[in-house]
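# Give me a 3D structure for the following:
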Amino acid sequence: MVSAATLLLPNEEVKKKIKVEVNENVKTKDRDLAHIKEWLRKQPHLPDKWDDERLINFLRGSNFSLEKCKTKLDLYFTMRAACPEFFTNRDVTRPEIARSLSKIQGAPLPVLTPNGLRVNCFRVMDENLDSSFVSSLLKLSLMLGDVRLKEEAEGVAGDVYVMDVAPLSPAHLTLLSLTTIKKYLICVQDAYPVKLKEIHVVNSNPVIDVVFNMVKPLVKEKIRNRIFFHCSVDGLTKYIPKDILPEEFGGYGGSLQEMHNAWEEKLKTYTKWFKEQESIKAIETLRPGKPKNYDEILGTEGSFRTLSID
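Next up, the predicted model:
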């Protein structure tokens, strides 16, 4: 039986298809990796070295374009410095994080879809949410992202997110910080090597319409076109096989609560690693040329700007 916190990797057939999709060439892969490692060593403001598994995942997320990979890595390390609220104090036993964990169910599912996609399911379980809930939830999402960067050594075809938002009401709108959401979207859209294929919002309601209209200008058009709203879980099986979906989403893929509990325990084992990783970030005073202005990157002066990665 598959462990609830396991990340199964693609089979050989799917792996071959993914390699074609991301332009991964076994003959040039090692050379590309060596190029990126040498480039990192020459950047005084970036870490001298990083583990091969994560660098390869950044190459995959950049379709093995060396220049795209460099831009994405630079932004990733820059955001780690610019957003300490996401990248420090990453300890699931901290009161604010533990409190948020108790109000949700969520985990990346262990089994991939037939075409190699990783499905991530989340449910809000409690309507009594406090001001730290959103920021803690976004931090947890990026913590999971960093663990997956380390553990998904063979890569996946992309990500699918399924979110059940049934308990949310107009009162929860006051918990949202547009600035925090902007920072998070820069991370997931531009800094992390994520290929976001679908987002499914389940038990959608008028509050979600308001939230979506608020953040819509900040979301890239190609991602906006991949967002689907459902009144119930019934429509999910059109997109995701029922044998993969957890029981809470109408599937046969096991208990999401058990997966949630297993991942909480797994994240506890990463506490020391997360602490060690806090120093892995850009140092602007050492950047050649003009240092990055965080206000310009994050758009905190009233307009939202991202670093272009074309």
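# going forward, measure contacts between C-alpha atoms and count neighbours the same way
Will do.
# now the residue nearest to Leu168 when sequence neighbours are not counted: how far from Thr93?
In space, Leu168 comes closest to Glu127 once its chain neighbours are excluded; the distance is 6.4 Å by Cα to Cα, 6 or more residues apart in numbering. Distance check for Glu127 against Thr93: by Cα to Cα, to the nearest Å, it reads 22 Å.
# do the same with Met163
24 Å.
# who has more neighbours, these two?
Met163 (20 against 16; other Cα atoms under 10 Å).
# Please name the bridge partners of the more buried one.
Phe122, Val201 (DSSP bridges).
# Contacts only, for it.
Cys121, Phe122, Arg123, Ile199, His200, Val201, Val202 (Cα atoms under 8 Å, 6 or more residues apart in numbering).
# Need the three-state assignment for the fourth one.
What DSSP: H, G, I helix; E, B strand; the rest coil gives for Ile199 is strand.
# Could you double-check that it lies in contact with Val160?
Yes. The criterion here is Cα atoms under 8 Å, and Ile199 meets it with Val160 at 5.8 Å.
# Just give the number of residues close to the closest residue to Ile56 other than its chain neighbours.
What sits nearest to Ile56 in space, not counting adjacent residues and going by Cα to Cα, 6+ apart, is Leu33, at 6.7 Å. Using other Cα under 10 Å, Leu33 has 19 neighbouring residues.
# same thing with Asn225?
Neighbour count of Asn225, defined by other Cα under 10 Å: 12.
# Please apply the same query to Asp146.
By other Cα under 10 Å, neighbour count at Asp146 equals 14.
# Then the one 5 residues further on?
By the other Cα under 10 Å criterion, the neighbourhood of Glu151 contains 16 residues.
# measure it to Gly145 for me?
In terms of Cα to Cα, Glu151 sits 10 Å off from Gly145.
# returning to what we had before: SS state for the residue nearest to Leu168?
Per three-state DSSP, the local secondary structure of Glu127 is coil.
# Give me the pLDDT for it.
Confidence at Glu127, expressed as pLDDT, is 88.
# these two touch, right, it and Ala166?
No. Between Glu127 and Ala166 no contact is recorded; they are 9.0 Å apart, counting by Cα under 8 Å.
# Now do the SS call for Arg148.
Arg148 ends up helix, using three-state DSSP.
# now swap in Asn25 and tell me
Under three-state DSSP, Asn25 comes out as coil.
# what about the nearest residue to it once chain neighbours are set aside, neighbour count?
Leaving aside its sequence neighbours, Asn25 sits nearest to Lys19 (Cα to Cα, 6+ apart; 7.2 Å). If you count neighbours by other Cα under 10 Å, Lys19 ends up with 18.
# Quick check: Lys19 touching Lys29?
No. Contact criterion Cα under 8 Å: Lys19 and Lys29 do not qualify, at 10.6 Å.
# Which parts of this structure belong to which domain?
In the domain annotation for the chain, the residue ranges read 12-86+271-298, 89-269 (automatic domain parsing).
# tell me how far the ends of the last one are from each other?
The distance separating the two terminal residues of domain 89-269, taken as Cα to Cα, comes to 14 Å.
# in the stretch 101-250 of the chain, which spans are strands?
Along the stretch 101-250 of the chain, the stretches classed as strands by DSSP state E, counting those that start in this stretch are 104-108, 117-124, 158-164, 196-202, 227-230.
# which strands and helices sit next to the last one?
So the one you mean is strand 227-230. Applying 3 or more Cα pairs under 8 Å, 6 or more residues apart in numbering; DSSP states H and E, we find strand 227-230 packed against strand 196-202.
# Which strands or helices does the strand it packs on pack on?
strand 158-164, helix 221-224, strand 227-230.
# Compute the inter-axis angle for that strand and strand 158-164.
Orientation check (axes from the mean of the first three to the mean of the last three Cα atoms, to 10 degrees): strand 196-202 against strand 158-164 gives 10 degrees.
# List the contacts of strand 196-202.
By Cα under 8 Å, 6+ apart, strand 196-202 touches 158-166, 223, 226-233, 236.
# hang on, the earlier thing: could you redo the helices and strands packed on strand 196-202 as a markdown table and give each row mean pLDDT and distance to Val134?
Below are the helices and strands packed on strand 196-202 laid out as a markdown table (pLDDT from 0 to 100; distance: least, Cα to Cα, whole Å):
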| stretch | mean pLDDT | distance to Val134 |
| --- | --- | --- |
| strand 158-164 | 96 | 14 |
| helix 221-224 | 96 | 21 |
| strand 227-230 | 94 | 20 |
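# Can I get those in JSON lines including distance to Thr78?
As requested, those are exported to JSON lines (distance: least, Cα to Cα, whole Å):
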{"stretch": "strand 158-164", "distance to Thr78": "23"}
{"stretch": "helix 221-224", "distance to Thr78": "23"}
{"stretch": "strand 227-230", "distance to Thr78": "28"}
